[in-house]
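Chemist: Predicted model and sequence follow; I will ask about them next.
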Number of protein chains: 2
Amino acid sequence: MARTVAYLGPHGTYCEETVLSIYGDQPDVSLKPFSTIDEAIRAVAGGEVDESIVPVENSLEGSVNVTLDTIAHDVNLYITKEIILPVRHNLLANKGSSDVDAIVSHPQALAQCRKTLGKLYPQAKLIPVESTAAAARKVADGEGRLAAVGSLKAAEHYGLTVIAAGIQDNATNSTRFIGLERQPLTDATGKCKTTLVCQINGAQPGSLYYLLGELAQRSVNLTRIESRPARTGLGMYIFFLDIEGSITEPNIADAVNAVKEKSLWFKNFGSYPSFQITK
Amino acid sequence: MARTVAYLGPHGTYCEETVLSIYGDQPDVSLKPFSTIDEAIRAVAGGEVDESIVPVENSLEGSVNVTLDTIAHDVNLYITKEIILPVRHNLLANKGSSDVDAIVSHPQALAQCRKTLGKLYPQAKLIPVESTAAAARKVADGEGRLAAVGSLKAAEHYGLTVIAAGIQDNATNSTRFIGLERQPLTDATGKCKTTLVCQINGAQPGSLYYLLGELAQRSVNLTRIESRPARTGLGMYIFFLDIEGSITEPNIADAVNAVKEKSLWFKNFGSYPSFQITK
C-alpha cells in the first residue's frame, strides 16, 4: 500500500538522511519535506501524510522542545519508532572561498559546534536559520563570505565544498528521531521503549518520588525524564518518561497503569521499536 | 563599594528591565550589557564584573539551555538570587506602518507568541535574532515591512509604536532570571531556594527514584527538576534540582549531603533568596 512520510526538509537535512535510511529502498513510500517541525507534525495529525519523522533529542543540545510541546499539547499522535543517527557536522562553503565572515545553520547545529567554530573563526558571526539544508542553500545562493554547518549530503546537493570536517564539539554526538502516526503499534516486541507524559501535583512534596516509585518497585528502567512547562504558570511542569519495554509485557502494562492513576493528566504515546543507524 | 553587574542587552531587553528593578535606584551599581548570555556569564567568571543576571527559565518555553549548560560545564559560579518577571510581549513597528511581511525577535519570544501571531499575521515570516531589543533596533533601522516582538521599554527606546499589545499566547507568562557571582551567599535565610546539579548512574534502574528519596524522606520540597545532556553520549544526563529552603537549615544541609553521596558528579550552586517583580 502506498504510503507518504513527512520529514523536516529541505533536501540535505539530517532528518532526510534518517528517513532515507529507513524508507530509501521502499518504492511504495513517497517522502514529503516540510520546512518546520511543527508543519511536519501537523501534516500527519491532519491526515495529509501517513507518518511524520522529526528530531526529538540530541546528545549535546538536549530535547527539541517544539517536538515535545506539539505532541503533548496540540495533536493526538503516537510514537511508532525511534531512530538514532550519529551526527557529523561539516563547515561548507562555495568553491574557492575560505575566508568566513559569518556562519549560518540551524540553531542546534551552531550550538553543537560552538567551541570548535570559536577556535577556527573567532570573528565569524553565527546566524541561525530554519535548517542545516536551508543554511547550505543560503551559502550556495549568496555572494558574501558565508559558510554553513551541515552534512556531506547537503554539500553534495548544493554544490559546496567542505572547508572543515567533523567540527562538532563532541565525538559522540547523535540525534534521536521519532516516527509519529495516528494509531499506536499494538504489537511492539523485542528492544522497545514506551513513552508517557503526565502532570502530577507539584505542590505535594515527594510527588515525583512516589510516581517514580511505581516504576522502581516493578524493576522498570526509566531511560529518560524530561520536564516541560505545563503552560499554566511558572513552576508547573509536565514530565515525559521514556521506559524500557513494551506495553505487551505485563509488568510494563501494570507500571503504566499505576503512573496513570497517580497523575492529574496523562497520555501514553505507545510502545515502539528502536533503530540505530550505523555509518 | 562600587559594583558592576552584567546582563543580557542591548537596551530594552526584559533582562534589562529586571536588572533595573533590582539595581536601578542604587547609584554605586553600574550596569553593563552583553550581546549574548554566554558572554554575560563569562564576564563574571573572568572577573570583569561582580555579578551577571541572565534568564534561566520561562513559563511557556521552559529552560534557557545555554544558561544551564554554561553554569554546569564551563564556569564555576554560584546563584545568589532569583528574580521572577511577569512578561508581556507587544508587536512593535515604525510609526504609520501596519502591514507586516516579517516579524523579528528572540526565538523564545517568537515561540511565546506563535499562536497569536499566526492568527494576526498568518503570512508573516518569523525571523529569529539575538534579543528582543536587537529586534526592535532592526525594525527602527530597516525600511522593509518589519515588526518586532518586544517590551514597551524597547518601543520607547527605539521610537516604535505598539501595533498589538499583550500578544503572548498565555496570560500567565513569566521569566525567571538568576544572579551569578564568584562566591556563594553564606547567610541566605527567609524564602530561599537551593540549586544542585548532579549526575547519577543511569544504567542502574531506579537511581533517580532513590536520589529523590533522599529529599522526600526529609520532607524537602523539590520545586523543579530539569535534565540536560551530560555531553558524554545520548542517554546520559545531568539533573538540575531546585529545592525549597536554605543550606543554613539542618534538614536541607543533610539532604544536600545525601544527594552528593549518591551522585557520580555533583555541584551545589548555593542557597539564595527569591524576588518577584510585580507590575
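Modeler: In hand now; what should we look at?
Chemist: What is the subsequent helix or strand relative to the top helix by length along chain A?
Modeler: Longest helix in chain A, counting residues (DSSP state H): helix A:250-262. Remark: after helix A:250-262, the chain's next helix or strand is strand A:265-276, criterion DSSP states H and E.
Chemist: sorry, back to before: now do the longest helix of chain A, average pLDDT.
Modeler: The predicted model assigns helix A:250-262 a mean pLDDT of 96.
Chemist: Name the residues of the stretch 51-200 of chain A found near chain B, please.
Modeler: Residues of the stretch 51-200 of chain A found near chain B (C-beta under 8 Å from any C-beta of the partner chain) are A:57-62, A:65-66, A:84, A:107, A:111, A:128, A:170, A:172, A:174, A:176. C-beta coordinates here come from the backbone N, C-alpha and C atoms, glycine included.
Chemist: ok so, going back, and the contacts of the longest helix of chain A?
Modeler: Contact with helix A:250-262 is made by A:194, A:196, A:198, A:200, A:207, A:210-211, A:214-215, A:218-220, A:241, A:243, A:245-247, A:266, A:268, A:271, as judged by C-beta atoms under 8 Å, 6 or more residues apart in numbering or on different chains.
Chemist: Take the residues of the stretch 51-200 of chain A next to chain B and keep only those in strands.
Modeler: Those of these mapping onto strands are A:Glu57, A:Asn58, A:Gly62, A:Ile84, A:Pro128, A:Ser174, A:Arg176, per DSSP state E.
Chemist: which regions of the stretch 51-200 of chain A sit below the pLDDT cut-off?
Modeler: Scanning the stretch 51-200 of chain A with the threshold set as pLDDT under 70 gives A:143.
Chemist: can you give me the strands for it?
Modeler: A:51-58, A:62-63, A:78-86, A:90-93, A:102-105, A:125-128, A:146-150, A:161-164, A:174-181, A:192-199 (DSSP state E, counting those that start in this stretch).
Chemist: Domain-wise, how is chain A divided?
Modeler: A:3-86+A:173-181, A:90-164, A:192-272 (automatic domain parsing).
Chemist: Span of the shortest one from start to end?
Modeler: Distances were taken as C-alpha to C-alpha, to the nearest Å; on that basis the terminal residues of domain A:90-164 are 6 Å apart.
Chemist: Which one of the strands of the stretch 51-200 of chain A lies nearest to A:Gln276?
Modeler: strand A:78-86 (4.8 Å; C-beta to C-beta).
Chemist: Which secondary structure elements does the closest one sit against?
Modeler: If you count contacts as 3 or more C-beta pairs under 8 Å, 6 or more residues apart in numbering or on different chains; DSSP states H and E, strand A:78-86 packs onto helix A:14-23, strand A:51-58, strand A:174-181, strand A:265-276.
Chemist: want to try a markdown table for those, with distance to B:Thr4 and mean neighbour count as columns?
Modeler: Shown next, in a markdown table, are the helices and strands packed on strand A:78-86 (distance: least, C-beta to C-beta, whole Å; neighbours: other C-beta atoms under 10 Å in any protein chain shown):
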| stretch | distance to B:Thr4 | mean neighbour count |
| --- | --- | --- |
| helix A:14-23 | 42 | 21 |
| strand A:51-58 | 36 | 25 |
| strand A:174-181 | 40 | 24 |
| strand A:265-276 | 46 | 18 |
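Chemist: For B:Thr80, find the nearest of these.
Modeler: Judging the helices and strands packed on strand A:78-86 by C-beta to C-beta, what sits closest to B:Thr80 is strand A:51-58, at 31.3 Å.
Chemist: Just the buried ones from the residues of the stretch 51-200 of chain A next to chain B, in PyMOL syntax?
Modeler: Here is the PyMOL command that picks out the buried ones among these, judged by 16 or more other C-beta atoms under 10 Å in any protein chain shown:
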select buried, chain A and resi 57+58+59+60+61+62+65+66+84+111+128+170+174+176
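Chemist: Distance to B:Asp99 for the strands of the stretch 51-200 of chain A - can I get that in a markdown table?
Modeler: Converted to a markdown table, the strands of the stretch 51-200 of chain A look like this (distance: least, C-beta to C-beta, whole Å):
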| stretch | distance to B:Asp99 |
| --- | --- |
| strand A:51-58 | 33 |
| strand A:62-63 | 36 |
| strand A:78-86 | 42 |
| strand A:90-93 | 36 |
| strand A:102-105 | 28 |
| strand A:125-128 | 25 |
| strand A:146-150 | 30 |
| strand A:161-164 | 41 |
| strand A:174-181 | 36 |
| strand A:192-199 | 40 |
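Chemist: Tell me which of those approaches B:Asp28 most closely.
Modeler: Nearest of the strands of the stretch 51-200 of chain A (C-beta to C-beta): strand A:125-128, 35.3 Å.
Chemist: Can you point out the buried residues in that closest one?
Modeler: Of the residues in strand A:125-128, A:Leu126, A:Ile127, A:Pro128 count as buried by neighbour count, 16+ other C-beta under 10 Å.
Chemist: mind checking how far the first one is from B:Tyr7?
Modeler: Going back to what we said before, that points to A:Leu126. Distance, A:Leu126 to B:Tyr7, by C-beta to C-beta, to the nearest Å: 21 Å.
Chemist: mind checking pLDDT for the residue nearest to A:Ala188 when sequence neighbours are not counted?
Modeler: Closest residue in space to A:Ala188, ignoring its immediate chain neighbours: A:Ser271 at 4.0 Å, by C-beta to C-beta, 6 or more residues apart in numbering or on different chains. A:Ser271 is assigned 98 on the pLDDT scale.
Chemist: what pairs with A:Ser271 across the strands?
Modeler: For A:Ser271, the beta-bridge partners under DSSP bridges are A:Thr194.
Chemist: Could you measure from the residue positioned nearest the centre of chain A over to B:Val44?
Modeler: Centroid-nearest residue in chain A: A:Pro55, 1.7 Å away (criterion: C-alpha atoms, centre = their mean). Remark: distance between A:Pro55 and B:Val44 (C-beta to C-beta) = 33 Å.
Chemist: so A:His11 is in which element?
Modeler: Going by DSSP H and E, A:His11 is not in any helix or strand.
Chemist: residue contacts, the nearest residue to it once chain neighbours are set aside?
Modeler: Closest residue to A:His11 apart from its sequence neighbours, by C-beta to C-beta, 6+ apart: A:His157 at 5.2 Å. Contact analysis of A:His157 by C-beta under 8 Å, 6+ apart lists A:His11, A:Gly12, A:Ala133, A:Ala136.
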